[in-house]
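Chemist: Just need the structure, nothing else, for what follows:
(2 chains)
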Amino acid sequence: MNLKILWMYHDLMDLYGDKGNAEVLRVRAEKRGIETTIDTCDIGQTVNMDDYDLFFLGGGADKEQNLIFEDLLKRKEDIRKAMDDHTAFLLICGGYQLFGKYYKDQDGNVVDGLGFFDYYTEASDRSHRCIGNIAVETTMDGETFKAVGFENHGGQTKNVASPFAKVLHGYGNTWDGGQEGFLNDQVLATYMHGPLLPKNPKIADKILERALKKRYGKVTFDPLDDTLEMKAQEVMLKRLHCEH
Amino acid sequence: MNNSLKLVQWTHKVLKKMGRGGSLPGELGLRLDPHFLEKFQMPGIVVLVTGTNGKTTTSNLIAESLRASGLKVINNRRGDNLNVGIATLLACNSDADFHVQAQAAVIEVDELTLYRQFKNLHPTHLVVTNFFRDQLDRAGEMETIIRKIQDVTADFTGDLILNGDDPNTLRIADTAKKAKVHTFSVCRNAVSQDSTDEASEGKFCPRCGNPLKYEYYQYSHIGRFHCEKDDFGVIHPDIQVSEINYDTESFTVDGQQFHNFINTIYAVYNCASVLTVLKSLHFDLKAADQVFRTFVMKEGRNEEFALSQPCVINLIKNPTGANEVMKYINAQEGDKNICIFLNDNDQDGHDVSWIWDAHFERLNTPEVKKIVCSGLRAYDMALRLKYEGLEDRILVIENSSEAIHWLNEQNLKSYVIATYTALHPTRAILRKEASK
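Modeler: Numbers count the residues shown, from 1 in each chain, chains lettered A, B, ... in the order given. Below is the predicted model:
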């Protein structure tokens, strides 16, 4: 078995250690004997998106996000085709927002998103951002479990048809909505940095399963020794009083 | 006569008698009078030092160099760079009428505090060391900080001393049109590289958005760069380091040799900024060399403790600083143990994701025997190392005293790296352990 990951704009959309997610996916796949390739794709670079099992897009600073957006729009049909062909998607923060209908900034300017989903994002004013540790409970591919991360976003994402998780501590999509991210069979989109995957090995494995499903159908993994991972998660859950 | 100042100065005296320092006097002053900082009559020379990394070292080097030039100088030498620290410094060194009793003040100022207090401090000189990605949850994006500093320096008429090899600082020259701009630059040397995997911000020309072309990188995005479209980055430095010799621990400016106090590339940049300040004041650069020769890094900056084998502690607070500390550790020969204290208190930044932006894979050398992870986020650090293939060498000891005690028992040279709030407690533990 082999796994092919496409990491979009790796040196522009790399805020908050999101690159750690790629590293975790590679290591966890290789420990299961799955040969893993991670290719990067920069602005203007030609790639055949359909060749990949997983599409990964992280978050970036505002300036960087504006730079990549035009390029991403040009790839809309390629991305749609990859989606139709059952590619898995992991989208963090800015990546999450860009897949929605639109983004409305502080001055009321509306930037159209890729429009794959019905959710949209509105900026809150500059001095109010959702910042801090976050704990959630998700049901992903039939299994319910907790996850932790760090959120840092001004955008308020609304009209999310199927959220990724219920917020136990922190903000999530909006100040008070109690819900975090977007999830369907293929796409996990979230505001959770940290980075997301090191302390949430279950999510990492689910994403690997989704990616491999494209070419290999259902796969089952041998468990790995996740003592350190679960310990790191437990420390944060305890601190946020979410351990039970 | 001012009662709040009197009370602040009295508090300082009492605390001093009790053998205590700290920023309490300044905090009191600002509580009693929100306009406290605006009231001081500042000396004729006021040098503010800001930037992401190297503020404390650079401002101490400048203060010492001005002293060596014969001036009476005050400075916040311990790096108390927020409002309260600055208020303490000024209050404790002024007469009863807010006249600061010195010929020069050298003040390290936190990047966020700078734009709030810039005008109140009446600076004659502003030194900007560099801008790297830092604590995002506390400081916001680097871009925001730079813009705010551009705002407050727009009508600054004093001397602006900028790192000419950092696009993020050099761009301030474009907007500070009334200032006397001075730059410093460092030539290609043994550690320079044609490409880098460290740069994160500053890839694009701030004027036109084109990618910047680099002739060489020194570390992170620091290096000689220019924009092919509009010549941003083409500079005529006031201080040009023309050679670095790491064997003799020295560097050359205008044919004159200077001592490189910790023999790293970032220390050369610290020194170059100091020389630029002296040159702007038309002072003899020799005064600085005396300081570079005798300057001892202390208080957690390459500070050595005599455990069973020598133990050196360094502060880390962002990816760039961490990368440079790891390069330094790797350059030290022989087997060694490492101990990392990762905290996530307010001053460390609550978001520890920056450890994934730093190149911890550099610790994966045969000389590194064990890596102890400690502090509030010890397990996050352990995970970071695990995913670099260091699983077999990780040891988590959450309790700081036990972690240091373990290091001492191994009878092997060791390197401790600690985030801001772990630094001083760990130094105290090291002192205790060393005296056993």
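Chemist: how many neighbours does the residue in chain A positioned nearest to chain B have?
Modeler: Of all residues in chain A, residue A:17 sits closest to chain B, with a separation of 3.1 Å (C-beta to the nearest C-beta). Every residue, glycine included, has its C-beta placed from N, CA and C. A count of nearby residues for residue A:17, using other C-beta atoms under 10 Å in any protein chain shown, gives 26.
Chemist: How about the one 4 residues further on?
Modeler: Under the neighbour criterion other C-beta under 10 Å, residue A:21 is assigned a count of 26.
Chemist: can you tell me which helix or strand residue A:230 belongs to?
Modeler: Element membership for residue A:230, per DSSP states H and E: helix A:227-239.
Chemist: now for that helix, which elements pack on it?
Modeler: Using 3 or more C-beta pairs under 8 Å, 6 or more residues apart in numbering or on different chains; DSSP states H and E as the contact test, the elements touching helix A:227-239 are strand A:130-140, strand A:143-153, helix B:378-385, strand B:394-396.
Chemist: Which helix or strand contains the closest residue to residue B:195 other than its chain neighbours?
Modeler: Closest residue to residue B:195 apart from its sequence neighbours, by C-beta to C-beta, 6 or more residues apart in numbering or on different chains: residue B:217 at 7.1 Å. Assessed by DSSP H and E, residue B:217 sits inside strand B:213-219.
Chemist: what does residue A:167 give?
Modeler: strand A:165-169.
Chemist: Show me the contact partners of the helix holding residue A:230.
Modeler: Outside helix A:227-239, the residues that touch it by C-beta atoms under 8 Å, 6 or more residues apart in numbering or on different chains are A:133, A:135, A:146-148, A:198-201, A:243, B:377, B:379-380, B:382-383, B:386, B:394, B:396.
Chemist: Stretch B:427-436 too?
Modeler: Outside stretch B:427-436, the residues within contact range by C-beta under 8 Å, 6+ apart are B:299-300, B:303, B:305-307, B:311, B:313, B:400-401, B:404-405, B:408, B:416.
Chemist: mind listing what residue B:66 touches?
Modeler: The neighbours of residue B:66, taking C-beta under 8 Å, 6+ apart as the test, are B:45, B:47, B:73, B:104, B:106, B:283, B:287.
Chemist: My error: substitute residue B:276 in the last question.
Modeler: Per C-beta under 8 Å, 6+ apart, neighbours of residue B:276: B:127, B:161, B:182-184, B:238-239.
Chemist: tell me the SS of it?
Modeler: Here residue B:276 is recorded as helix under DSSP: H, G, I helix; E, B strand; the rest coil.
Chemist: Can you give me the domain boundaries for chain B?
Modeler: Taking automatic domain parsing as the reference, chain B has its domains at B:124-294, B:301-434.
Chemist: Span of stretch B:406-419 from start to end?
Modeler: 20 Å (C-alpha to C-alpha, to the nearest Å).
Chemist: and what of stretch B:86-106?
Modeler: Taking C-alpha to C-alpha, the first and last residues of stretch B:86-106 lie 10 Å apart.
Chemist: so for it, what's the average pLDDT?
Modeler: Averaging pLDDT along stretch B:86-106 gives 95.
Chemist: do stretch A:147-156 as well
Modeler: In this model, stretch A:147-156 has a mean pLDDT of 94.
Chemist: is chain B contacted by it?
Modeler: Yes. Applying C-beta under 8 Å from any C-beta of the partner chain, one finds stretch A:147-156 in contact with chain B at A:150, A:152.
Chemist: for the particular helix or strand that has residue B:406 in it, packing partners?
Modeler: Per DSSP H and E: residue B:406 is located in helix B:400-409. Judged by 3+ C-beta pairs under 8 Å, 6+ apart, the packing partners of helix B:400-409 are strand B:336-341, strand B:368-374, strand B:414-418, helix B:420-434.
Chemist: Redo these as JSON lines? Include mean neighbour count and mean pLDDT.
Modeler: Listed next are these as JSON lines, based on neighbours: other C-beta atoms under 10 Å in any protein chain shown; pLDDT from 0 to 100:
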{"stretch": "strand B:336-341", "mean neighbour count": "24", "mean pLDDT": "98"}
{"stretch": "strand B:368-374", "mean neighbour count": "22", "mean pLDDT": "98"}
{"stretch": "strand B:414-418", "mean neighbour count": "26", "mean pLDDT": "98"}
{"stretch": "helix B:420-434", "mean neighbour count": "18", "mean pLDDT": "94"}
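Chemist: Which of the ones you listed sits closest to residue A:213?
Modeler: Closest approach to residue A:213 among the helices and strands packed on helix B:400-409 is made by strand B:368-374 (35.6 Å; C-beta to C-beta).
Chemist: relative to strand B:336-341, how tilted is that closest one?
Modeler: Strand B:368-374 runs at 20 degrees relative to strand B:336-341, counting by axes from the mean of the first three to the mean of the last three C-alpha atoms, to 10 degrees.
Chemist: residues near residue A:45, how many?
Modeler: Residue A:45 has 11 nearby residues by other C-beta under 10 Å.
Chemist: center of chain B - which residue?
Modeler: Residue closest to the average C-alpha location in chain B (C-alpha atoms, centre = their mean): residue B:54, at 2.1 Å.
Chemist: From chain A, how far out is that residue?
Modeler: Residue B:54 is 23 Å from chain A, where distance means C-beta to the nearest C-beta, to the nearest Å.
Chemist: wait, isn't that residue in contact with residue B:131?
Modeler: No. Contact criterion C-beta atoms under 8 Å: residue B:54 and residue B:131 do not qualify, at 11.3 Å.
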